[in-house]
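1. Give me a model of this one.
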Amino acid sequence: MDSANENQEGPNFVQVTDNRGTESGWTLNVRQNGQFKTAEDQELTAAQIRLTKGTVVTPSLSPKPSNVSTTITLNPNGAQSLVMSAQDGEGAGTYLMSWGDSLAAAMDSIELEVPGSTTKYASQYNTTFTWLLTDTPTNP
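-> Okay, the predicted model is just below:
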């Protein structure tokens with residue numbers, strides 16, 4: 001769980017703020033930087049992270065991003081997954097993408113699936129994620 005306010009827990013989220021004043025669009029992707037591993041390099045084979053119940057909120061009058069992934073299954077091989085993308089004429093201001101729209105919904109909106117056949121060690125597993133915000137021209 002993450003908190004935008006120190007006194008209140010809520011859904012996990014990512015925020016994009018575009019104050020360039022151009023409404024030229026942008027794209028937010030995420031990638032997992034490898035499979036879950038222990039400090040001893042023991043891998044949690046075939047484990048998958050899934051982000052579900054994605055919603056976008058904004059106080060902005062600019063249109064919300066038209067491309068939003070409400071469910072994302074991350075690939076541990078480093079492939080990028082689309083989170084949200086604003087086209088020309090969209091996305092000016094602040095946009096919050098949350099997984100779950102309430103604390104109760106957030107409790108099951110980020111899942112780790114590990115096959116029963118995978119060897120599981122009594123250790124802490126870790127991985128990292130990279131968030132990529134780009135503004136690239138589109139082909140006419």
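2. Below-threshold pLDDT in this structure: ranges please.
-> Along the chain, segments meeting pLDDT under 70 span 1-8, 137-140.
3. where along it do the helices fall?
-> Remark: helices assigned in the chain by DSSP state H are 103-106.
4. all strands of it, in order?
-> Using DSSP state E, the strands found in the chain span residues 2-5, 8-10, 12-18, 26-32, 48-51, 54-57, 67-68, 72-73, 81-86, 93-99, 110-113, 129-134.
5. okay if I get those as CSV plus distance to Q42 and mean neighbour count?
-> To be clear about C-beta, it is placed using only N, CA and C from the backbone, and glycine gets the same treatment. Listed next are the strands of the chain as CSV, based on distance: least, CB to CB, whole Å; neighbours: other CB atoms under 10 Å:
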stretch, distance to Q42, mean neighbour count
strand 2-5, 28, 11
strand 8-10, 32, 12
strand 12-18, 26, 17
strand 26-32, 17, 20
strand 48-51, 17, 18
strand 54-57, 31, 17
strand 67-68, 36, 16
strand 72-73, 23, 16
strand 81-86, 25, 20
strand 93-99, 28, 20
strand 110-113, 16, 13
strand 129-134, 20, 11
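6. Rebuild these as CSV, extending it with distance to D41.
-> Formatted as CSV, those follow (distance: least, CB to CB, whole Å):
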stretch, distance to D41
strand 2-5, 29
strand 8-10, 34
strand 12-18, 28
strand 26-32, 17
strand 48-51, 19
strand 54-57, 32
strand 67-68, 36
strand 72-73, 24
strand 81-86, 25
strand 93-99, 30
strand 110-113, 19
strand 129-134, 19
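7. Nice, that's everything, thank you.
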